[in-house]
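# my questions are about this predicted structure, shown below with the sequence.
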Amino acid sequence: MPHLPMGIPASLRDLTPDIPEAVFDDAFRAACERLDRYVGARAVELAAELGLGPDDLPPPDTLCAERGWRPEGALPLRWLLETLELYGAAERRGRGTRLRGGPPAVASAELRAEAERTLPAVRPAYEVFALSAATLPAFLRGDARGEDALFGPAAMGLWFDYFSNSNPLYGPNNTLTALAVERSVGGRPRVLEVGGGAGSAAQAVLRALASAGKSPEAYVFSEPQPAFLRRGARLLQAEVPPGCEFRSMRFDIDVGAEEQGLARETFDVVFGVNTFHLARDLSDTLCRMRGLLRPGGVVVLGELLRPTPTAAVHLELPFTLLSAYSHVTLDDDVRVRPGFVSAQGWRRALRTAGFGEVTLLPARAEECAGIYPGFYCGALAARA
């Protein structure tokens, strides 16, 4: 496994000429580099807190059995061991792992304090990761559910701040998706957003369409979680342009669309940001989305892209604690492990679902990830 460099190579700028420079600007790169260092330090500290010493460790499922930890703990433990390897703090030994031992060069708390002092807007990203790390020991013991700890009433406001365009470590996901949507549609499109969260992606898309003179004829904002749905619908009241038919609704991507009140061949674009990787069966869900599109319509997937089908994602810890993240259908050609999917896997899933040519934004995202394994942002578009 390649190590994650502690600096983002300047050469990446030359590989993204199809993205406005403001998306991956110097401030964004500096914020990413600081977060990278924090995650690496926190992973080393977590290993020590869990009593994972420098001796050879067995595979995560065996480790759970030996420690009396819940079987579902294998996924976050896999994340931990792979992340330590990604940072050079561990090495693979057959099916097991050997930790190098010793504390991080700089404590994670110190790295976090410096990052938030330099750019206060990054605080939600650090808070989400810190909450996840604090939950992990109780999760492994079976004393806590990830959904309760991370998405209970007390934490909901944190996610509203995290999934925000003002969060410089998350906003680019929405910006890329908005660009892909705007570049894929003509004037007056009918739009369906799935998994809209608190509305920040819709905000970015509506502004991109308005700027391009493509204000939508209709916009359906959908989200399965009631608190997010209410928050998003309120936010968008001020964003929906005159003459646009707006509707908000609960919608589950794992259930038939027509039985949820959406007619076939209704939309010019269906999109979601970091939503579709949660589908239990990717091909089934994408087939349902294709059925909702008018002929020539497009689906846009704004997704955190796994660098390769089996690569580690060092920002993945919060999601490994959620049951919906792991209880999915695996496929050797599309999704070989739970969670985020590679661009290669998405292409195969979209073609299996009957879509035509697939485009990726930025077009050379996979080359970027080859240089810097922490390059995850991307948006895929495919026509029905």
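In hand now; what should we look at?
# next helix or strand past the host helix or strand of residue 159?
Per DSSP states H and E: residue 159 is located in helix 156-162. Once the chain leaves helix 156-162, the next helix or strand it forms, by DSSP H and E, is helix 171-184.
# what helices or strands is that next one leaning on?
Here helix 171-184 touches helix 200-211, strand 267-273, strand 293-304, strand 358-361, strand 377-383, going by 3 or more CB pairs under 8 Å, 6 or more residues apart in numbering; DSSP states H and E. In this view, the C-beta of every residue, glycine as well, is placed from N, C-alpha and C.
# alpha carbons of that helix, as CSV, please.
The C-alpha atoms that make up helix 171-184 are tabulated as CSV, following Å, rounded to 0.1, in the frame of the first residue of the first chain:
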residue,chain,number,x,y,z
GLY,A,171,-17.9,22.1,0.2
PRO,A,172,-15.9,21.0,-2.8
ASN,A,173,-17.9,17.8,-3.0
ASN,A,174,-21.0,19.9,-3.6
THR,A,175,-19.2,22.2,-6.0
LEU,A,176,-18.0,19.4,-8.2
THR,A,177,-21.4,17.8,-8.3
ALA,A,178,-23.0,21.1,-9.2
LEU,A,179,-20.6,21.6,-12.0
ALA,A,180,-21.3,18.1,-13.4
VAL,A,181,-25.1,18.7,-13.2
GLU,A,182,-24.9,22.1,-14.9
ARG,A,183,-22.6,20.8,-17.7
SER,A,184,-24.9,17.9,-18.3
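# I'd like the next helix or strand past that helix.
Next element after helix 171-184 (DSSP H and E): strand 190-193.
# from the chain's centroid, how far away is that following strand?
Relative to its chain's centre, strand 190-193 lies at 20 Å (CA atoms, centre = their mean, to the nearest Å).
# for that strand, packing partners?
Judged by 3+ CB pairs under 8 Å, 6+ apart, the packing partners of strand 190-193 are helix 200-211, strand 218-222, strand 267-273.
# paired strands for the last one, with orientation please.
Within its sheet, strand 267-273 is paired with strand 190-193 (parallel), strand 293-304 (parallel), according to DSSP bridges.
# how big is the angle separating it from strand 377-383?
Angle, strand 267-273 to strand 377-383, by axes from the mean of the first three to the mean of the last three CA atoms, to 10 degrees: 160 degrees.
# likewise the longest one?
In this structure, helix 200-211 runs at an angle of 60 degrees to strand 377-383, with the same axes, to 10 degrees as the basis.
# one step back: can you tell me which of the helices and strands packed on strand 190-193 is most buried?
strand 267-273 (a mean of 27; mean count of other CB atoms under 10 Å).
# contacts for that strand next, please.
Contact with strand 267-273 is made by 173-174, 177, 180-181, 184-186, 189-197, 201, 205, 220, 253, 289, 292-294, 297-303, as judged by CB atoms under 8 Å, 6 or more residues apart in numbering.
# can you give me how far that strand is from the chain middle?
For strand 267-273, the gap between its own C-alpha mean and the chain's C-alpha mean amounts to 17 Å (CA atoms, centre = their mean).
# could you give the angle of that strand to helix 171-184?
Relative orientation of strand 267-273 and helix 171-184, computed by the same axes, to 10 degrees: 160 degrees.
# before we move on, the earlier item: in a markdown table, list the helices and strands packed on helix 171-184 along with distance to residue 328 and mean pLDDT.
Below are these laid out as a markdown table (distance: least, CB to CB, whole Å; pLDDT from 0 to 100):
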| stretch | distance to residue 328 | mean pLDDT |
| --- | --- | --- |
| helix 200-211 | 22 | 98 |
| strand 267-273 | 16 | 98 |
| strand 293-304 | 14 | 98 |
| strand 358-361 | 21 | 98 |
| strand 377-383 | 18 | 97 |
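# find the nearest non-adjacent residue to residue 15, please.
Using CB to CB, 6 or more residues apart in numbering and skipping the chain neighbours, the partner closest in space to residue 15 is residue 364 (4.5 Å).
# oh, I was asking about residue 212
residue 182 (5.1 Å).
# what do you get for residue 203?
Excluding its sequence neighbours, the residue lying closest to residue 203 (CB to CB, 6+ apart) is residue 239, at 5.5 Å.
# just the pLDDT for the one you found.
Residue 239 carries a pLDDT score of 94 in this model.
# for residue 221, see how far away it is.
Distance of residue 239 to residue 221, given as CB to CB, to the nearest Å: 10 Å.
# pass me the low-pLDDT residue ranges in this protein, would you?
1 (pLDDT under 70).
# how is it divided into domains?
10-125, 171-383 (automatic domain parsing).
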